[in-house]
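Visitor: Below are the sequence and a predicted model; questions follow.
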Amino acid sequence: MRSLVVIAGKELLESVRNRWVVAATLLLGALALSLTLVGATPTGTVGVAPLDIVVVSLSSLGILLLPLIALLISHDALVGEIERGTMLLLLTYPVARWQIVLGKFLGHLAVLAIATLIGFGAAALAVLATAEVDRQSWQAFAAMTGASVLLGAAFVAIGSCASALARSRAAAAAVAICLWLVFVVVFDLALLGLLVADQGARIGAGAVETALLFNPTDVYRLLNLTGFANVSLFSGMAGLGGTVSLGPAVLVAALAAWVAVPLGIATLLFARREL
């Protein structure tokens, strides 16, 4: 346990000193605050709670930025240490390889959680300063924040897996960019194109829902935008929320699996890697 805490603390301090991580955190906070201030404008005419608008806006922002920040933090977690020659030194201490992987994961997750809480917390405070917020809206916001941290954890685990597999930092960075493009952009476009080409002939709703589970960003989107009636109504997904058979428990379990499986693969790859 002590080894995990030490390694996690080391990764946390190094990430805080990383100017790219700091810049990404500031960007997340600035965009979250901007979306909050701009998005609160129409609430007086459409009768929508301002925090519900923030949940929808931040969910879309989280899908774009949180995976990018997570991969930016974690893609060179293992291969970077190997290239610098510090991994061999680290392994001379009484620490197991799985502890190194898990400790780095926890440290990077702490960085991402702090960035998320700062960015989304600033948005919530901005709403609270200008309007009253009901209990249901706070519940939706809290669920969205927790899901955002879980989404970030999934991509930290994916980045750790890429770092354990890559043979150089450059290769790990290339893999991280490709993974971000696949999960955030390409997957949904390919699925949409497939559905348009099929025209509902062979691909049913169950198959689509199963396919969405293979993308953590889609699981995150469904969890946030269909989990609460007030949010799904404003997001335009009220109809979808009534037809999706995947409940919140299943979606949370799917996101948790996206954390556990890549992290387990990263641990196995690193355990078998020759240094």
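Guide: Sure, I can see it. Residues are numbered from 1 along each chain as shown.
Visitor: Can you show me the CA trace of stretch 252-259 as CSV?
Guide: Extracted in CSV, the C-alpha atoms of stretch 252-259 (Å, rounded to 0.1, in the frame of the first residue of the first chain):
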residue,chain,number,x,y,z
VAL,A,252,-21.8,2.3,-15.1
ALA,A,253,-20.7,-1.4,-15.1
ALA,A,254,-19.7,-1.0,-18.8
LEU,A,255,-17.6,2.1,-18.0
ALA,A,256,-16.0,0.3,-15.0
ALA,A,257,-15.1,-2.6,-17.3
TRP,A,258,-13.4,-0.1,-19.7
VAL,A,259,-11.3,0.8,-16.7
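Visitor: buried stuff in that stretch?
Guide: For stretch 252-259, the neighbour count (16 or more other CB atoms under 10 Å) marks V252, A254, L255, W258, V259 as buried. Backbone N, C-alpha and C define where each C-beta goes, glycine included.
Visitor: Quick check: the second one touching L213?
Guide: Same thing as A254. Yes - counting by CB atoms under 8 Å, A254 touches L213, with 5.1 Å between them.
Visitor: any residues in contact with both of those two?
Guide: V219, L246 (CB atoms under 8 Å, 6 or more residues apart in numbering).
Visitor: Cross-check the contact I'm expecting between A266 and A166.
Guide: No - counting by CB under 8 Å, A266 stays clear of A166, with 11.2 Å between them.
Visitor: if you count what's nearby, which of these two comes out ahead?
Guide: A266 (27 against 21; other CB atoms under 10 Å).
Visitor: Touching, L117 and S148? I think so.
Guide: No - if you go by CB under 8 Å, L117 and S148 don't touch, sitting 9.3 Å apart.
Visitor: tally of neighbours for T130?
Guide: By other CB under 10 Å, the residues close to T130 number 12.
Visitor: Pretty sure V208 sits against L194.
Guide: No - using CB under 8 Å, V208 is not in contact with L194, being 9.4 Å away.
Visitor: which phi and psi does D76 have?
Guide: Note on D76: its backbone torsions stand at phi -110, psi 20 [degrees, to the nearest 10].
Visitor: Show the pLDDT at it.
Guide: As predicted, D76 sits at a pLDDT of 88.
Visitor: Name the nearest residue to it, ignoring sequence neighbours.
Guide: Leaving aside its chain neighbours, D76 sits nearest to R169 (4.7 Å; criterion: CB to CB, 6 or more residues apart in numbering).
Visitor: how close does I100 get to I114?
Guide: Separation of I100 from I114 (CB to CB, to the nearest Å): 22 Å.
Visitor: who's more crowded, those two?
Guide: Neighbours of I100 and I114, each counted by other CB under 10 Å, are more numerous for I100; the result is 23 against 15.
Visitor: which secondary structure element contains the more buried one?
Guide: helix 97-130 (DSSP states H and E).
Visitor: What is that helix packed up against?
Guide: Using 3 or more CB pairs under 8 Å, 6 or more residues apart in numbering; DSSP states H and E, the elements in contact with helix 97-130 are helix 2-17, helix 19-39, helix 50-74, helix 86-91, helix 135-165, helix 248-272.
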